[in-house]
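*Asks:* Mind folding the following:
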Amino acid sequence: MNANWIVSANATRARFFSQEKFSDPLEEVNNMVNGGSRLRPGEIESDKRGPIAASKSAHGVGAATPSKTYEPAQTADKHEAELFAKDIAAYLLQAYQNRRFQRLSLVVSPQFLGMLRPLLDSQLESVVKLEINKDYTQFSAAQLREQIQAHTAKG
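*Replies:* Okay, the predicted model is just below:
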């Protein structure tokens, strides 16, 4: 298939469209939702934030008072977004290997694009022909097509 796939995504939703020619309408081929993004932090996190050391303990004498709360290096919602980005990258690789598309356009929210881009397999890097760092996941297929055409007309 000589199709162009367009991925419209953010950290909570990814929509996949197919288009044979630039002038053709977009046909939605898949819609993925990040189920973890809809959960509250308490439902995702297994550890409670709390004191890590007593401030009046003998161990802290003369030293700076330690932080009262544990702050993880990565928040639960960011972790869920990274897992979702990995799922999208894996889906795209499988679809490409099954010859479902030959060109790829990424229309992804800025922060999520930064998460998704390094996860794409090297096979996919060569077929990415367009990147737009905007969140158009709520747009209809026709509105998304208009935005892509407007973007390509500018550049």
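*Asks:* okay, and for the chain, where does confidence drop off?
*Replies:* 1, 37-74 (pLDDT under 70).
*Asks:* Can you list the residue ranges for strands in it?
*Replies:* Across the chain, reading from the start of the chain, the strands by DSSP state E fall at 4-9, 13-19, 27-33, 103-108, 128-132.
*Asks:* Pull out the buried residues from the shortest one.
*Replies:* It stands for strand 128-132. Buried residues in strand 128-132, counting neighbours by 16 or more other CB atoms under 10 Å, are found at residue 132. C-beta coordinates here come from the backbone N, C-alpha and C atoms, glycine included.
*Asks:* same thing with the second one?
*Replies:* Judged by neighbour count using 16+ other CB under 10 Å, the buried positions of strand 13-19 are 13-19.
*Asks:* Can you report how many residues neighbour residue 89?
*Replies:* Residues near residue 89, counting by other CB atoms under 10 Å, number 18.
*Asks:* my guess is it contacts residue 115, does it?
*Replies:* No. No contact is recorded between residue 89 and residue 115 when judged using CB atoms under 8 Å, the distance being 9.9 Å.
*Asks:* and the residue nearest to residue 86 when sequence neighbours are not counted, how many neighbours?
*Replies:* Across the structure, with CB to CB, 6 or more residues apart in numbering as the measure, the residue nearest residue 86 apart from its sequence neighbours is residue 119 (5.7 Å). For residue 119, the number of neighbouring residues by other CB under 10 Å comes to 16.
*Asks:* before we move on, what about the one 5 residues further on?
*Replies:* One way to gauge burial is a neighbour count; for residue 124, by other CB under 10 Å, it gives 19.
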